[in-house]
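Participant: Okay, here's the prediction I keep looking at, along with the sequence it came from:
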Amino acid sequence: MKKTLLLIFAGLLFFAGTAFSQSTPVTGEFEAITDASDGGSSTVKMEETTRDGMKAWRFTGEVTTQFQYGFAGWELKPDAASLTRMRALRNTSTVSFKVLGDGKRYTVKFRMPQRIITDWAHHEFHFNTRAGEVQEVTVQIRQFQQPAWSSSPVNMQIRQVDDISWQTHESWRPGTFDITVWDIKITP
């Protein structure tokens with residue numbers, strides 16, 4: 001009897017752990033961001049497409065140095081259900097997404113409100129793409145760090161995150177970019 005109960009309990013723990021570790025998609029609306037408000041002339045064009053039978057977004061454009069820190073990017077404004085799931089993440093949780101890259105380096109950021117991050121130094125993670133190759137990028141929340149130039153460093157406050165954004169990396173500006181992003185998900 002004790003063995004049976006022990007086996008049932010172990011089975012329930014296994015299935016509960018599996019259920020709670022399942023990845024869930026992050027859905028919402030994408031919005032383009034550029035350096036235009038800083039006097040820059042970088043551009044980004046968003047095109048909705050399909051990859052692996054899923055909705056995907058292709059981002060193309062050009063980063064200029066008209067603004068000395070020229071950049072272009074896109075942010076995902078999560079819907080209410082996705083935002084609730086994101087804010088429940090822990091440091092060991094992960095965010096993952098697939099990219100079809102152009103061989104350049106990009107940055108993914110968890111963005112918190114300006115009342116918390118006062119110098120635009122959002123927590124970020126850099127990744128490289130391989131031209132013409134599909135890659136899955138998986139990042140633990142604790143790997144997101146503020147840039148070294150931050151004048152007001154703060155700890156990551158995941159419960160305050162408003163959106164996820166991707167941005168061109170400073171290492172290759174000026175230049176053009178072409179990247180497709182899809183299958184964005186979080187795992188608690």
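Facilitator: Everything's here; your move.
Participant: Show me what counts as buried in the longest strand belonging to the chain.
Facilitator: Among the elements of the chain assigned as strand by DSSP state E, the one spanning the most residues is strand 175-187. Of the residues in strand 175-187, Phe177, Asp178, Ile179, Thr180, Val181, Trp182, Asp183, Ile184, Lys185, Ile186, Thr187 count as buried by neighbour count, 16 or more other C-beta atoms under 10 Å. For every residue, glycine as well, the C-beta is placed using N, CA and C.
Participant: what does stretch 105-116 give?
Facilitator: Counting neighbours by 16+ other C-beta under 10 Å, one finds that the buried residues in stretch 105-116 are Tyr106, Thr107, Val108, Lys109, Phe110, Arg111, Met112.
Participant: how about those residues in TSV, adding distance to Lys45 and pLDDT?
Facilitator: Compiled in TSV, the buried residues of stretch 105-116 are given as follows (distance: C-beta to C-beta, whole Å; pLDDT from 0 to 100):
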residue	distance to Lys45	pLDDT
Tyr106	16	97
Thr107	19	95
Val108	20	95
Lys109	20	91
Phe110	25	88
Arg111	22	86
Met112	27	81
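Participant: returning to what we had before: describe which strands the longest strand of the chain pairs with in its sheet and in which direction.
Facilitator: The pairing partners recorded for strand 175-187 under DSSP bridges are strand 24-25 (antiparallel), strand 54-63 (antiparallel), strand 94-100 (antiparallel).
Participant: remind me which residues of this structure are low pLDDT?
Facilitator: 1-21 (pLDDT under 70).
Participant: Show me where it has its strands.
Facilitator: Secondary structure of the chain, counting by DSSP E: strands at 24-25, 28-34, 43-51, 54-63, 72-78, 94-100, 105-111, 123-128, 134-140, 163-168, 175-187.
Participant: what angle separates the fifth one from strand 175-187?
Facilitator: Comparing the axes of strand 72-78 and strand 175-187 via axes from the mean of the first three to the mean of the last three C-alpha atoms, to 10 degrees yields an angle of 20 degrees.
Participant: Contacts made by strand 72-78 with the rest, please.
Facilitator: Contacts of strand 72-78 with the rest of the structure, by C-beta atoms under 8 Å, 6 or more residues apart in numbering, involve 26-35, 42-44, 46, 57, 59, 61-63, 86, 107, 111, 162-168, 177, 181, 184.
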